[in-house]
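Visitor: Make a model of this:
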Amino acid sequence: MRGIIILSLVLTVLACQPEEKQTTTTHYQYNTEIEQAKNVEILYSEEGKVRVKIEAPILVRHNTKDPYSEFPDGIKGEFYNDNLQPTSYLKACYATKKERQNEVHIYEDIEVLTTKGDMILTEKLIWQEKSKRIFSDTIVTIITKTEEITGTSFEATQDFSEYTIRNISGIKRVDKNQIRD
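Guide: All right, here's what the predicted structure looks like:
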């Protein structure tokens, strides 16, 4: 009889235990290979001094084996000297930054305006951060207050304060009275 009482107590205790609830966890899958930001401002500095400020409406970062950032809606850039004075301005329709190579590739309708008043027009520039130089192997037109020079094989300092154009294919004199300030 005693065994029956113990057995019925054990069964009662077991019967009163709450049922194990099955929980379902919703798992979201995120694509961690792509990050996107809007209305970005990026500052590049050297030795604690800002050298370049880049603004873009959209930045897409691709975290792949060879990571890169993409600016599909264009960029605007402002370049500075040691005293944080602007030396030039740049705008373009598209750009990419290759992380491992430390290069920025700039494309489409590129306009650079220097503080000297020179305008540089091209379709492609490559900024090599390590050498602090900018290159182009496409047609480049430089408009100064007195002439318009067209050629290829363009090279400049990263702030466009000094530049060289090789393979000149044309020089046109410009009348100072026709220039708008």
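
Visitor: When you work out contacts or count neighbours from here on, use the C-alpha atoms and nothing else.
Guide: Will do.

Visitor: residue ranges with poor pLDDT in this structure?
Guide: Residues of the chain that meet the criterion pLDDT under 70 lie in 1-31, 175-181.

Visitor: Could I get the full set of helices for it?
Guide: 2-16 (DSSP state H).

Visitor: bridging residues for residue 56?
Guide: Under DSSP bridges, the beta-bridge partners of residue 56 are residue 40.

Visitor: oh sorry, the question was meant for residue 95
Guide: Listed beta-bridge partners, residue 95: residue 71, residue 106 (assigned using DSSP bridges).

Visitor: how about it, what does it touch?
Guide: 70, 71, 72, 74, 75, 104, 105, 106, 107 (C-alpha atoms under 8 Å, 6 or more residues apart in numbering).

Visitor: Check the burial of the nearest residue to the fifth one once chain neighbours are set aside by counting its neighbours.
Guide: Looking back up the chat, that one is residue 75. In space, and not counting its chain neighbours, residue 75 is closest to residue 56: 4.7 Å by C-alpha to C-alpha, 6 or more residues apart in numbering. Using other C-alpha atoms under 10 Å, residue 56 is surrounded by 22 other residues.

Visitor: What separation is there between residue 56 and residue 87?
Guide: Relative to residue 87, residue 56 is positioned 20 Å away (C-alpha to C-alpha, to the nearest Å).

Visitor: Quick one: end-to-end length of stretch 134-150, please.
Guide: In stretch 134-150, first residue to last residue: 17 Å (C-alpha to C-alpha).

Visitor: Please tell me I have it right and residue 119 contacts residue 111.
Guide: Yes. Using C-alpha atoms under 8 Å, residue 119 is in contact with residue 111, at 6.9 Å.

Visitor: now the strands for the protein?
Guide: If you assign secondary structure with DSSP state E, the strands in the chain sit at 34-46, 49-62, 68-71, 75-80, 86-92, 94-98, 103-114, 119-128, 133-136, 140-143, 147-157, 163-173.

Visitor: Show the contacting residues for residue 132.
Guide: Contact analysis of residue 132 by C-alpha under 8 Å, 6+ apart lists 157, 158.

Visitor: Can you give me the separation between it and residue 62?
Guide: According to C-alpha to C-alpha, residue 132 stands 24 Å off from residue 62.

Visitor: Next: residue 76.
Guide: Counting by C-alpha to C-alpha, the gap from residue 76 to residue 62 is 21 Å.

Visitor: now do residue 137
Guide: For residue 137, the distance to residue 62 equals 26 Å [C-alpha to C-alpha].

Visitor: That's all I had, so thanks and see you.
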